[in-house]
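> Provided below for reference: sequence and predicted model.
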Amino acid sequence: MTLNTSSEELEYILGVETSCDETAAAVISLDGVLWANVVASQHEVHRRFGGVVPELASRKHTEQIEEIVQKAIRLAGINLNQIKAVAVTQGPGLAGALLVGVSFGKALAYALGVPLIAVNHLEGHVASAWLAHPDLKPPCVVLVVSGGHTHLYFVPRFQEYQLIGRTLDDAAGEAFDKGAKMLGLDFPGGPALDRLAQSGNPQAVRFPRPYLNRGGLNFSFSGLKTSLLYYLRGLEKDGQECVRPDVAGGYQEAIVDVLVEKTFRAVRRHHVHTLAVVGGVSANSRLRLSLEKRADESGVQLILPSLDLCTDNAAMIATAGLWAYNRGEFASWDLDAKANLQTRLSSLPQSTDVQLVRQ
Ligand code: KG4
Ligand code: ZN
């Protein structure tokens, strides 16, 4: 991603993201250009616990949020009085972690005398597709694939979303993280498994492709980790060596196959020629390769944001914040963090029925 270097008289939105274990701030001008995107990961804090510890995440956000916001403002080369609104992630995410960003954003917006904007984290991920590719023209299909969500949307028009598929249990990112843990990999598991699999043969060990031929456009990943568990137990019982790169490769291939197959099924069903894949798991090297190959073969325009826009960041929150700013949608001063925010993008049907979530 390239950042601009001169910011003169423009007006800006500040984006703040603290939904999980990344403290992030970004600055975007009202014409949609990104000027600063700062992400402080907390991986070191959580590593020894093998997963995100919510209380520690909140504390770390509290410790570093001011510094991160100041850094973003400094990098953008702007003054506080050029900020026209502050956009914060309201949810979904960890309640305590979200609360830090919401409280900080609220206080800053109030002090600056500018409006506060509440952003749904999922809409933030969707917005990263437009940040990466401002000319992206609906109709299109968007797959949001992260640590907490695996959601397929049909987007008939800009900022209008129909949920057409979702995971019925674990998210794809969870499948990566849990699989990585079973293979004894370091936190965060997804990227570690991705790296390990690069030296393995993805065809050497075959895992099931859950829900590939049923469930419409829905996904299910919880059975996959059980298959891995039984596979590893079987090896141990038989005293056989575990070729970890091959196992990681086979496990990853199963997740990637299902994601790619169902996503392109959605593309066909909705007769679109454009597809965007966003969220932390879209940083996976095998998934990116497989999507690119399939898009090439089928003549589909594929939007894959750069890696820094796939995993959690505030540039996507600032972008979705800008959309809300242009719609004139502002939050009240009693805005609360919502761990299970169910508005707009996340009002989820259990079936494969199409649901219109914003008109
Ligand atoms: O979007 P994100 O940063 O946070 C959520 O909103 O959840 O996604 C985090 C998820 C984690 O499960 C992480 O393991 C996964 O994305 N992830 C990856 C890769 N990079 C991040 N999974 C597989 N391969 C990767 N390279
Ligand atoms: Zn996320």
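Right, received. Where do you want to start? Ligands and ions are numbered 1, 2, ... in the order given.

> Return the residues of this structure in contact with ligand 2.
146, 312 (C-beta under 5 Å from the ion). All C-beta spots, glycine's among them, are computed from the backbone N, C-alpha and C.

> Tell me how many other residues surround the residue in the stretch 101-250 of the chain positioned nearest to ligand 2.
Closest contact between the stretch 101-250 of the chain and ligand 2, by C-beta to the ion, is at S146 (4.4 Å). Neighbourhood size, S146 [other C-beta atoms under 10 Å]: 24.

> Report how many residues lie close to the closest residue to it other than its chain neighbours.
Among residues not flanking S146 along the chain, G279 sits closest, at 3.5 Å (C-beta to C-beta, 6 or more residues apart in numbering). By other C-beta under 10 Å, the residues close to G279 number 30.

> G279: what's it in contact with?
125, 143-146, 149, 173, 310 (C-beta atoms under 8 Å, 6 or more residues apart in numbering).

> For the residue of the stretch 101-250 of the chain closest to ligand 2, give its distance to V278.
Taken as C-beta to C-beta, to the nearest Å, the spacing of S146 relative to V278 amounts to 8 Å.

> Now do the shared contacts for the two.
Listed as contacting both S146 and V278 by C-beta under 8 Å, 6+ apart are H125.

> So the residue of the stretch 101-250 of the chain closest to ligand 2 is in contact with N284, correct?
No: using C-beta atoms under 8 Å, S146 is not in contact with N284, being 11.3 Å away.

> so who does the residue of the stretch 251-359 of the chain found nearest ligand 1 touch?
Using C-beta to the nearest ligand atom, the single residue of the stretch 251-359 of the chain nearest to ligand 1 is G280, 2.0 Å away. Counting by C-beta under 8 Å, 6+ apart, G280 touches 145-147, 173, 190, 310-312.

> Out of those, grab the one that's most surrounded.
V145 (28 neighbours).

> And it, its phi and psi?
phi -130, psi 100 (degrees, to the nearest 10).

> how close does it sit to ligand 1?
8 Å (C-beta to the nearest ligand atom, to the nearest Å).

> Am I right that that residue is in contact with V278?
Yes: contact between V145 and V278 holds when scored by C-beta under 8 Å: they sit 7.5 Å apart.

> which residues in this structure form helices?
Remark: helices assigned in the chain by DSSP state H are 43-47, 54-76, 95-112, 121-132, 172-182, 189-197, 222-237, 244-269, 285-298, 307-310, 315-327.

> right, is stretch 31-51 up against ligand 1?
No: if you take C-beta under 6 Å from any ligand atom as the test, stretch 31-51 misses ligand 1, and the best it gets is 9.5 Å.

> So, low pLDDT: which residues of this structure?
Scanning the chain with the threshold set as pLDDT under 70 gives 1-8, 342-359.

> and with 80 instead?
Within the chain, the set of residues satisfying pLDDT under 80 comprises 1-9, 342-359.

> Would you list the phi and psi of the residue nearest to the spatial centre of it?
The centre of the chain sits closest to G279, judged by C-alpha atoms, centre = their mean, with a distance of 2.5 Å. Dihedral pair for G279: phi 100, psi 160, per degrees, to the nearest 10.

> Pull the number of nearby residues for the nearest residue to G249 once chain neighbours are set aside.
Spatially, and ignoring its direct neighbours in sequence, G249 is nearest to G200 (3.4 Å; C-beta to C-beta, 6+ apart). Per other C-beta under 10 Å, the neighbour tally for G200 reads 20.

> so what's G200 up against?
Counting by C-beta under 8 Å, 6+ apart, G200 touches 243-250.

> thought V88 was touching V100?
No: counting by C-beta under 8 Å, V88 stays clear of V100, with 9.7 Å between them.
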